[in-house]
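1. Okay, predicted coordinates and the sequence, questions at the end:
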Amino acid sequence: MIILGIDGSPHGPGKTARVIREVLEGAAQQGATVEMLRHDAPDVLIRIREADAVVFGSPTYRASHSSALRSLLERIDRDGNNPPLAATPATVVMTGGSPAHFLGTEDLANTLRGFFGTQVLSPSLYFHSAHFDDDGEVKDDTAAQCRVHGTALWELTTAVRASTALRTLKPLV
């Protein structure tokens with residue numbers, strides 16, 4: 001099982017990449033092969049298509065995900081016969097400076113769920129400055145929460161792979 005982490009930060013890697021890595025670590029502890037890519041990696045679209053699950057991470061700007069991640073999502077062709085993210089388990093991880101922007105995760109989760117037809121793990125994760133130490137490193141309790149989320153993504157991916165019905169769901173177009 002391949003679980004891919006996408007860092008949608010236009011300035012990273014930074015705090016967003018750090019929490020994505022912790023989520024991936026939780027999946028790796030279950031036996032998943034994990035990989036981290038930036039939104040602008042040359043082979044990112046191919047790797048998304050090949051992944052069994054995807055962690056979409058972004059800093060929060062204006063209560064939404066970054067324009068860099070939005071641009072990546074716009075480049076994913078939603079082929080009606082073979083949509084690349086259809087039924088793919090995914091999770092949303094976002095960072096921001098204030099606890100007030102936690103609902104920004106829902107915009108991205110709704111796009112993934114509705115437009116692409118992914119199986120989005122709920123709840124999404126949102127972390128602000130209190131979740132990091134003075135050096136910008138992930139605090140231990142936050143890292144533990146991320147790893148549990150990674151384990152849950154691995155379990156969701158296992159369930160989707162085992163289910164004929166869940167694997168055949170596609171976005172309505």
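-> The structure has been received and is ready for your questions. Remember, it's a predicted structure, so these values are computed and weren't measured experimentally. Numbering: from 1, shown residues only.

2. doesn't residue 134 fall inside a helix?
-> No. Using DSSP: H, G, I helix; E, B strand; the rest coil, the assignment for residue 134 is coil, not a helix.

3. Neighbours of it, how many?
-> 6 (other Cβ atoms under 10 Å). Glycine gets a C-beta too; all of them are placed from N, C-alpha and C.

4. and residue 103, what does it touch?
-> residue 63 (Cβ atoms under 8 Å, 6 or more residues apart in numbering).

5. do residue 108 as well
-> Contacts of residue 108 by Cβ under 8 Å, 6+ apart are 56, 58, 64, 65, 69, 92, 94, 124.

6. Among the residues you listed, name the ones in strands.
-> 56, 58, 92, 94 (DSSP state E).

7. pLDDT, neighbour count and distance to residue 139 added to the residues you listed, as TSV?
-> Below are the ones in strands among the contacts of residue 108 laid out as TSV (pLDDT from 0 to 100; neighbours: other Cβ atoms under 10 Å; distance: Cβ to Cβ, whole Å):
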residue	pLDDT	neighbour count	distance to residue 139
56	97	30	22
58	95	30	20
92	97	28	20
94	95	29	17
